[in-house]
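Visitor: One predicted model, sequence on top.
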Amino acid sequence: MLTLNINGRDLQVEADPATPVLWALRDHLNLTGTKFGCGAALCGACTVHLDGDPIRSCITPISAVAGRRIATIEAMAADPVGKAVQDAWVRHDVPQCGYCQGGQVMSAVALLRTNRRPQDADIDNAMSGNLCRCGTYQRIRAAIKDAAATLEA
């Protein structure tokens, strides 16, 4: 039994310590906003924050995160930066199929927490590990700039 701090709450997970965070979230804690994409940390659909930094939860074992803070897409609406990003996503009609969007939002939030005035290259660099099969990259970039402007206001 491991205790994981997820979205500000200490939760008990009874699983093998090698279980990826993704499966602890989805299968043990019913937090299904984090998606399985590739299982190899290549697509970004499984992105969560670990102590504020984006990580790929599909390859990170729960034993590596015990005692640290995990934030998932489910907590972003209550976070000022997360809310700004989600609102901008809606204004710019970013999602098409929506499958990758949880990971996209998590990466965008991490970027805007450290850089409130990102340039295109900053955005491209921060988002480079997140793939969108629908190709909404221009809308993602516009939404990130919009969220940054909202946060600066």
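Guide: All right, it came through fine. Numbers count the residues shown, from 1 in each chain.

Visitor: C-alpha from now on. contacts and neighbour counts both.
Guide: Noted.

Visitor: And the helices in this protein?
Guide: 21-23, 80-91, 101-114, 120-127, 137-152 (DSSP state H).

Visitor: Just put the ones you listed in CSV and tack on distance to residue 64 and mean pLDDT.
Guide: What follows is the helices of the chain, written out as CSV (distance: least, Cα to Cα, whole Å; pLDDT from 0 to 100):
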stretch, distance to residue 64, mean pLDDT
helix 21-23, 9, 98
helix 80-91, 25, 98
helix 101-114, 20, 98
helix 120-127, 23, 97
helix 137-152, 30, 97
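
Visitor: how about the residue nearest the centre of the chain, what does it touch?
Guide: For the chain, residue 106 is the residue whose C-alpha lies nearest the centre (Cα atoms, centre = their mean; 2.5 Å). Contacts for residue 106 (Cα atoms under 8 Å, 6 or more residues apart in numbering) come out as 47, 48, 49, 54, 72, 73, 82.

Visitor: Could you double-check that residue 74 sits in contact with residue 33?
Guide: Yes: between residue 74 and residue 33 there is a contact under Cα atoms under 8 Å: 6.5 Å.

Visitor: Neighbour count for the two, which is higher?
Guide: Between residue 74 and residue 33, counted using other Cα atoms under 10 Å, the more crowded position is residue 33 (18 against 15).

Visitor: what sits against the residue nearest to the more buried one when sequence neighbours are not counted?
Guide: Spatially, and ignoring its direct neighbours in sequence, residue 33 is nearest to residue 73 (6.1 Å; Cα to Cα, 6 or more residues apart in numbering). When contacts are counted by Cα under 8 Å, 6+ apart, residue 73 touches 33, 34, 48, 102, 103, 105, 106.

Visitor: So what's the residue count around the fifth one?
Guide: Using other Cα under 10 Å, residue 103 has 31 other residues around it.

Visitor: What distance do you get for it to residue 71?
Guide: Distance, residue 103 to residue 71, by Cα to Cα, to the nearest Å: 12 Å.

Visitor: what's the answer for the second one, then?
Guide: From residue 34 across to residue 71, the span is 10 Å (Cα to Cα).
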